[in-house]
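Participant: Got a sequence here, can you build the structure:
(one chain, ligands or ions: 2)
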Amino acid sequence: TRSSRPQRMLAHVKRHAARGDPQSVIDAIDYFCRHKEWAMNVGDEKGTILDSVVCEVSPGAVLELGTYCGYSTMRIARLLAPGARLITLEFNPANAAVARQVIAWAGLEHKVQLVEGSSGDLIPQMREKFGIDSFDLVFLDHWKDWYLPDTRLMEELGLLHKGSVLLADNVICPGAPEYLAYVRSSPRYDSRYFKSHLEYTYVEDGLEKSVFPGASAGSRP
Ligand SMILES: O=c1[nH]cnc2c(O)cc(-c3ccc(F)cc3)c(Cl)c12
Ligand SMILES: [Mg+2]
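Facilitator: Ligands and ions are numbered 1, 2, ... in the order given. Reported below is the predicted structural model:
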């Protein structure tokens, strides 16, 4: 049967990127998506904003919701300090299979744990299965309708601490209106919009960065 777009992207990476060189893998994917076949990686423009937030937070524990082909996984992992950990959740097994090979090609597999399954099922298992107490940074990039329920779940499970940062992709395109309304109105978050463009296009999109000031915020003094 005909190869999939992620498989063609992986073949392009293996032909054009150097093993063990994450930047060359990132550049190869951006080239493929800009000049051959569009794909829904966060891309270079929003990716630069992602990089700056990762560097600012310098997280010890990161959760990525939505791996796809591993592009943003690599952007985050390449900036992590030794010993810092990134757990990335992907519910599509075919995409997960491609992402594992992309991450391995970049030589970043020792910093990344890719888990297949749905975020709603896996988030409650973070403590028992992965020994994670809380996340310093969460990158939401899976499906717009799951941003809010997954955020509520992380709050209820105590997986966010004072200062934890949520960074959400696609808050304009395709759009996550309920999530935006929540993080922008809740006294529990300090939220800011980073205007950008949908990956590899001139369509507006952006990232929403929301800092969790602590569970006590928003409750009566
Ligand atoms: O589903 C998505 N998950 C995570 N990121 C995504 C993204 O960055 C872009 C898009 C998208 C936007 C416009 C379009 F015409 C087709 C696709 C989607 Cl649909 C997702
Ligand atoms: Mg996205």
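Participant: From ligand 1, how far off is Val138?
Facilitator: 14 Å (C-beta to the nearest ligand atom, to the nearest Å). Just so you know, the C-beta spots here come from the backbone N, C-alpha and C atoms, and that holds for glycine as well.
Participant: now the closest residue to ligand 1 within the chain: how far from Thr1?
Facilitator: Residue of the chain nearest ligand 1, by C-beta to the nearest ligand atom: Met40 (3.9 Å). Counting by C-beta to C-beta, to the nearest Å, the gap between Met40 and Thr1 amounts to 22 Å.
Participant: Mind checking which of these two has more residues around it?
Facilitator: Remark: of Met40 and Thr1, Met40 carries more neighbours, 18 against 3, as counted by other C-beta atoms under 10 Å.
Participant: Is the more buried one inside a helix or a strand, and which specific one?
Facilitator: Assigned by DSSP states H and E, Met40 belongs to neither a helix nor a strand.
Participant: That one is in contact with Gly66, isn't it?
Facilitator: No. Look at Met40 against Gly66 with C-beta atoms under 8 Å: they stay out of range, at 9.3 Å.
Participant: Would you mind listing what in this protein touches ligand 2?
Facilitator: Residues of the chain lying close to ligand 2 (C-beta under 5 Å from the ion) are 141, 169-170.
Participant: Report the residue spans of the chain with pLDDT below the cut-off.
Facilitator: 215, 220-221 (pLDDT under 70).
Participant: what about the strands in this protein?
Facilitator: 61-65, 85-90, 112-116, 135-140, 160-168, 190-197, 204-212 (DSSP state E).
Participant: of all those, which gets the most neighbours per residue?
Facilitator: strand 61-65 (a mean of 26; mean count of other C-beta atoms under 10 Å).
Participant: Touching, Arg184 and Ser191? I think so.
Facilitator: Yes. Counting by C-beta under 8 Å, Arg184 touches Ser191, with 4.9 Å between them.
Participant: shared neighbours of the two, anything?
Facilitator: Common contact partners of Arg184 and Ser191 (C-beta atoms under 8 Å, 6 or more residues apart in numbering): Glu208.
Participant: wait, Leu157 sits on Ile123?
Facilitator: Yes. Counting by C-beta under 8 Å, Leu157 sits close enough to Ile123 to count as a contact (6.8 Å).
Participant: Compare neighbour counts for these two and give me the winner.
Facilitator: Shown here are Leu157 and Ile123; by other C-beta under 10 Å, Ile123 has more neighbours (22 against 13).
Participant: If you drop the residues flanking it in sequence, what lies closest to Tyr71?
Facilitator: Excluding its sequence neighbours, the residue lying closest to Tyr71 (C-beta to C-beta, 6 or more residues apart in numbering) is Asn41, at 3.7 Å.
Participant: Next up, the contacts around the one you found.
Facilitator: So Asn41 contacts 29-30, 33, 47, 68-69, 71-72, 199 (C-beta under 8 Å, 6+ apart).
Participant: Next one: it from Met74, what distance?
Facilitator: Counting by C-beta to C-beta, the gap from Asn41 to Met74 is 10 Å.
Participant: Share the number of residues neighbouring Lys111, please.
Facilitator: Around Lys111 there are 22 residues (other C-beta under 10 Å).
Participant: okay, the strands of the chain in TSV with distance to Arg19 next?
Facilitator: What follows is the strands of the chain, written out as TSV (distance: least, C-beta to C-beta, whole Å):
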stretch	distance to Arg19
strand 61-65	23
strand 85-90	20
strand 112-116	16
strand 135-140	25
strand 160-168	29
strand 190-197	30
strand 204-212	30
